[in-house]
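Asker: dropping a prediction and its sequence here:
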Amino acid sequence: SAFTEPNNQGLDAAVQSVKFGTGSDSTFTKGENNDYTVTAMANSDNAEITTAGDTKGLAAGHTRILVKFTEAGLKKIASKLNNVAAGSEAPQVEVELAFDISKAFKDSTTDKTITNKSGFFPAHDEGTTAPNPIIPNVDGSKPTVKFGYLQVDKYNSEDESKKLSGAEFKIFTDKNKADLCTKSLKENTAVDAEDSPCKAASAFDETTVEGGKFSNPYKAEAGSTLYVVEVKAPEGFALSPVVKEITVKDTTTNDNPDTLEFPNIPLHGEKGGNKFWFNLPATGAAGVILFALAGIGLIAASVFLYMRNRKEEEQQQNA
């Protein structure tokens, strides 16, 4: 299955809310003594269930999450329907569901869509046989979620052909949280610190391997906007604490994902085990060179003045 129990609470916990119409009383309350109950029923057989009951019409290998209205809930629905003005559109039942994506679906390199079916059991008199469920074969009753793939390209900024392993990344769905993460990195806050805002990222925590890429592309819902942050640079390279934004496309595949480029600047502060007291960039460093030379000149001038003053003092003492 593409779904698992949300927070391991059972699939019946997937129902987040049930609403009917508008107004302060539009949200119904779950419970046998309230407005509705929720039951999850699985069909592990290889054929559709045809026997009468709440599982009738349940396709092979599928799970049905049944929202059943109590007497109190049905009375609320009837009351709202009776108050609909002539010529006005009648309200509809709205059920909000939330699921966790299963590991099997996440790890699959070919599964890219999740399609659910929705339907209803027509009303019937108490004590009579329930009619067959109505499961419309239209797009509105078959919501589909599509997925796409994301990859990174981590390389040496001085030579793009040199790919880098060992870079760690976090992925966010909220730009503000991604910005806070990069801000903390610039302030040298440890990524795993208790108060690190980088912990607000998704469960994704991937490191680049040989070739400068994730071992497997990251799968995410198509159309969603993600914010990718490098939280640890490869050894010998400077961290690039920037937020890179990307909108996942459903046309991408595991073999042809969207790719974000992350070049890293090598650290040149060491050579032969000795650290330079300053490091001049190869280009565009005229100002830095002038300041460095000016500093050397000031040091030399100070030494010269000190030696001259010292010599004059000695001559005066010997006179």
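Answerer: Noted; the coordinates are in hand.
Asker: which ones are touching residue 63?
Answerer: When contacts are counted by Cβ atoms under 8 Å, 6 or more residues apart in numbering, residue 63 touches 1, 11, 40, 41, 42, 43. C-betas here are computed from N, CA, C, even on glycine.
Asker: quick one: the residue lying closest to the last one once chain neighbours are set aside from residue 107, how far?
Answerer: The one in question is residue 43. Of all residues not flanking residue 43 in the chain, residue 58 sits nearest, at 4.5 Å (Cβ to Cβ, 6 or more residues apart in numbering). For residue 58, the distance to residue 107 equals 27 Å [Cβ to Cβ, to the nearest Å].
Asker: test my guess that the residue nearest to residue 43 contacts residue 51.
Answerer: No - assessed by Cβ atoms under 8 Å, residue 58 is found out of contact with residue 51, at 10.1 Å.
Asker: got phi/psi on residue 125?
Answerer: In terms of degrees, to the nearest 10, the main-chain angles of residue 125 are phi -70, psi 150.
Asker: how far away is it from residue 34?
Answerer: 23 Å.
Asker: between these two, which one's more packed in?
Answerer: Taking other Cβ atoms under 10 Å, residue 125 and residue 34 do not tie; residue 34 has more neighbours (12 against 6).
Asker: check for me that that one belongs to a helix.
Answerer: No - under DSSP: H, G, I helix; E, B strand; the rest coil, residue 34 sits outside any helix and is assigned coil.
Asker: which residues does it contact?
Answerer: Shown in contact with residue 34 (Cβ under 8 Å, 6+ apart): 28, 70, 72, 73.
Asker: may I see the residues you listed organised as a markdown table, with pLDDT and distance to residue 94 added?
Answerer: Converted to a markdown table, the contacts of residue 34 look like this (pLDDT from 0 to 100; distance: Cβ to Cβ, whole Å):
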| residue | pLDDT | distance to residue 94 |
| --- | --- | --- |
| 28 | 96 | 10 |
| 70 | 93 | 18 |
| 72 | 94 | 18 |
| 73 | 94 | 14 |
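Asker: which one of these sits closest to residue 17?
Answerer: Checking the contacts of residue 34 against residue 17 with Cβ to Cβ, the nearest one is residue 28 at 8.0 Å.
Asker: my read: the closest one touches residue 74, true?
Answerer: No - between residue 28 and residue 74 there is no contact under Cβ under 8 Å: 10.7 Å.
Asker: between these two, which is the more surrounded one?
Answerer: Taking neighbours as other Cβ under 10 Å, residue 28 and residue 74 compare with residue 28 leading, 22 against 14.
Asker: next one: phi and psi at the more buried one?
Answerer: Torsion angles at residue 28 (phi, psi; degrees, to the nearest 10) stand at phi -90, psi 160.
Asker: my read is that residue 150 contacts residue 253, right?
Answerer: No - with contacts counted by Cβ under 8 Å, residue 150 stays clear of residue 253, the gap being 11.5 Å.
Asker: now do residue 195 against residue 186, distance only.
Answerer: According to Cβ to Cβ, residue 195 and residue 186 sit 16 Å apart.
Asker: perfect, that will be all.
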